[in-house]
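S.K.: here is the input, now give the coordinates:
(2 chains)
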Amino acid sequence: MPAVEIKNLNFIYSKKTPFEKRALQDINLTVEEGEFLGLVGATGSGKSTLIQHLNGLIKLQDKKRSSVVVNGMSATDKKSLKKLRFEVGMVFQYPEYQLFEDTVAKDVAFGPKNMKLDKDEIDARVRRALEVVGLEYDKFAERSPFDLSGGEKRRVAIAGVIAMQPKVLVLDEPVAGLDPVGREDILSLVKKLQKEVSPTIIMVSHNMDDMARLADRIVALKDGCIVANGTPKEVFCDRKLIEDAGLDLPAATRIADKLIARGVEIPSDIVTMDALSAELGKALRSRITVAAKANDGVSEEDENV
Amino acid sequence: MSQIEIKGVSYSYPVKEGHSLKALKNVSLAIDKGEFVVLAGMNGSGKSTLAKLLNGLFTPSAGEIFIDGISTADEENTFEIRKKVGMVFQNPDNQTVATIIEDDIAFGPENIGVPREEIVVRVDEALEAVGMSEYRTRTASKLSGGQKQRVAIAGVLAMRPDVLILDESTSMLDPNGRKEIMDIALKLNKSGITVINITHNMDEATVADRVVVMRKGRVAMDGTPKEVFASGLLEACGLTLPPVTQLSRSLADEGFVFGDVVTDEDELVEEICRQLK
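M.R.: So this is what the prediction gives:
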């Protein structure tokens, strides 16, 4: 059973008014359990509208034709909606703006409390969630979330979501506004969460370098339609598609293209800096070997003379 | 004398009774007219506090700041300082005051009593400078993030500032929006406006004349982008090298030799081609 199955999804904002805007058009998308899906697209391409359908924050407009099913539960079924919201964890942009309680522990406990769990289970989950995001329970539990640094606040907000132990974790630009060290911390946290808490990850990002590095599969949206769906290599190697979708290439791919245009012999499907660096290393060593052989030839000839 | 003189400035935020958080500690800097300075540092390093001190939103707890020789500490100068130093913040939605774009841009000059005819000229010029003339009668809420930030910059330009401060103005934008804002900042700088860009995006630092790195409320480094990237101290300040420089470092491990710090993509491509010939 796939983790997420979306069929024929359409959505129109301000329907039947002069401001009518089609945000999603015939979206069909399946996400398998254990996948790390990267969702990319220019501003206004429909990414946020799409993810808000996953836990019923936006209702289906055409229930007859379209469906959104997460772990076998339909997002249209009112009875299962509450359960669905525990199943799909949503980490919105700047999630720290949603912190509201007077202590970290109470804030993280908000979700589990709504799940009507018993007190011991709630406490255990809060403790575990804080430890997983790298905040020592004894040090942080009783502090006010508003006295923490930006990166810490974001961790608390993420802990509040994963305390519900969602099977699918959706993150909308989780590193926006963080400094480089904070960015790396949160990105490696997302990878860790996939291993330890939520096996299926759907992450929205504008950073193609991060996407190339982290995602198993990339889905690109443009004007509400899926225009690409494949591995980072498949998607980023289709240069025309990337350009049409208004996306950036990963820096590594862009640099590789320039080098290939100049006659450097490296593969055309490089998407990460590590791969580019390794390939260029190979090219350099083979050049040195060739040069060495040529030199050997020359010295032998010299001796003959 | 420099256009901006920061002399031994400290600043503390009151936290609770009797407690305060020292955000800036004895900072001294001089910035000349026409410079393009990137102010970098990790979250909480004091860079935004410094920006807010530059246009008198805060006044120093100790030390003094002079803009064109005028002290920011004297409340009588506040209006004069704010005319000289314009600021664009992170979230474009927090900076729009009127529904129609031209009204929004006219808000600043109206407040300082600029005559109507002159306001019309200023609004025209400001919209022109950010490439938003065709949007003048539209509503700000229907714009993209990058366009909203351009309108915010226009609102500042209508005040005819000498200094433009961008306080993480690109951090909420997508790559296209980021590029739009950087292009405009560079263009305005060429026309003579001093630009101070606060960011932790090191790609933005590569185009600056000068990079000032803050760490724990102090100036940790101050130099050209190449000097700062070559220092090896960037990571200790919570920052990373720009992707191109990082790549050149890992290529050096593979056996490539680079004489100078590489910050420019085309320069790197050139150098790799040369060494593979």
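
S.K.: if we look at the helix of greatest length in chain B, which residues are touching it?
M.R.: Using DSSP state H to define each element, chain B has its longest helix at helix B:175-190. Applying Cβ atoms under 8 Å, 6 or more residues apart in numbering or on different chains, the set of residues contacting helix B:175-190 from outside is A:42-43, A:206, A:246, A:248, B:34, B:36, B:129-131, B:144-147, B:149-150, B:153, B:157, B:164, B:166, B:169-170, B:173, B:195, B:197, B:201, B:204, B:207. All C-beta atoms are positioned from the backbone trio N, CA, C, and that covers glycine.

S.K.: kindly report the same for stretch B:18-28.
M.R.: Under Cβ under 8 Å, 6+ apart, the answer for stretch B:18-28 is B:6-15, B:46, B:49-50, B:53, B:60, B:62-63, B:216-219.

S.K.: how about a cut-off of 6 Å?
M.R.: Outside stretch B:18-28, the residues that touch it by Cβ atoms under 6 Å, 6 or more residues apart in numbering or on different chains are B:6-15, B:46, B:49, B:217-219.

S.K.: can you tell me which of those residues is nearest chain A?
M.R.: Closest to chain A out of the contacts of stretch B:18-28 is residue B:15 (7.8 Å), distances taken as Cβ to the nearest Cβ.

S.K.: how far away is the closest one from residue B:22?
M.R.: Counting by Cβ to Cβ, to the nearest Å, the gap from residue B:15 to residue B:22 is 10 Å.

S.K.: okay, the two: which has more neighbours?
M.R.: residue B:22 (13 against 10; other Cβ atoms under 10 Å in any protein chain shown).

S.K.: ramachandran angles for that one?
M.R.: Dihedral angles of residue B:22 (phi, psi; degrees, to the nearest 10) stand at phi -80, psi 110.

S.K.: which secondary structure state does the residue of the stretch 201-305 of chain A at minimum distance from chain B sit in?
M.R.: Distances between the stretch 201-305 of chain A and chain B by Cβ to the nearest Cβ are smallest at residue A:281, namely 3.0 Å. Three-state assignment for residue A:281 (DSSP: H, G, I helix; E, B strand; the rest coil): helix.

S.K.: nearest residue to it other than its sequence neighbours?
M.R.: Computed as Cβ to Cβ, 6 or more residues apart in numbering or on different chains, the closest residue to residue A:281 that is not its neighbour in sequence is residue B:254, at 3.0 Å.

S.K.: show the backbone phi and psi for the one you found.
M.R.: Taking degrees, to the nearest 10 as the convention, residue B:254 sits at phi -90, psi 0.

S.K.: in the longest helix of chain B, what's buried?
M.R.: Using 16 or more other Cβ atoms under 10 Å in any protein chain shown as the test for burial, helix B:175-190 gives B:175, B:176, B:177, B:178, B:180, B:181, B:182, B:184, B:185, B:188, B:189.

S.K.: what of stretch B:21-34?
M.R.: By neighbour count on 16+ other Cβ under 10 Å, the buried set for stretch B:21-34 is B:23, B:24, B:25, B:27, B:29, B:31.

S.K.: now do the contacts for residue A:22.
M.R.: Counting by Cβ under 6 Å, 6+ apart, residue A:22 touches A:12, A:224.

S.K.: on that earlier part again, so which of the contacts of stretch B:18-28 belong to strands?
M.R.: Mapping the contacts of stretch B:18-28 onto strands (DSSP state E) picks out B:6, B:7, B:8, B:9, B:10, B:11, B:12, B:13, B:14, B:218, B:219.

S.K.: and of the residues you listed, the nearest to residue B:109?
M.R.: Taking Cβ to Cβ as the measure, residue B:109 sits nearest to residue B:6 out of these, at 28.0 Å.

S.K.: that closest one touches residue B:30, doesn't it?
M.R.: No - using Cβ atoms under 6 Å, residue B:6 makes no contact with residue B:30, being 7.2 Å away.

S.K.: how many residues are close by residue 218?
M.R.: With no chain named, the answer covers chain A. Neighbours of residue A:218 using other Cβ under 10 Å come to 26.

S.K.: actually it's chain B I care about, not the one you picked
M.R.: 14.

S.K.: in stretch A:251-268, what counts as buried?
M.R.: A:251, A:252, A:253, A:254, A:255, A:256, A:258, A:259, A:264, A:266.

S.K.: which two in those are spaced the farthest apart?
M.R.: Using Cβ to Cβ, the two most remote members of the buried residues of stretch A:251-268 are A:251 and A:264, lying 16.3 Å apart.

S.K.: quick one: which of the buried residues of helix B:175-190 is nearest to chain A?
M.R.: Distances from chain A to the buried residues of helix B:175-190, taken by Cβ to the nearest Cβ, are shortest for residue B:175, at 4.9 Å.

S.K.: and that closest one, what's its pLDDT?
M.R.: Reading off the confidence values, residue B:175 has pLDDT 82.

S.K.: against residue B:145, how distant is it?
M.R.: From residue B:175 across to residue B:145, the span is 11 Å (Cβ to Cβ).

S.K.: can you list the residues of the stretch 1-150 of chain B near chain A?
M.R.: Within the stretch 1-150 of chain B, the residues that sit near chain A (Cβ under 6 Å from any Cβ of the partner chain) are B:42, B:43, B:44, B:144.

S.K.: got the contact list for residue B:98?
M.R.: residue B:104.

S.K.: please enumerate the helices of the stretch 1-150 of chain B.
M.R.: Applying DSSP state H, counting those that start in this stretch to the stretch 1-150 of chain B gives helices spanning B:47-54, B:78-84, B:101-111, B:116-129, B:145-157.
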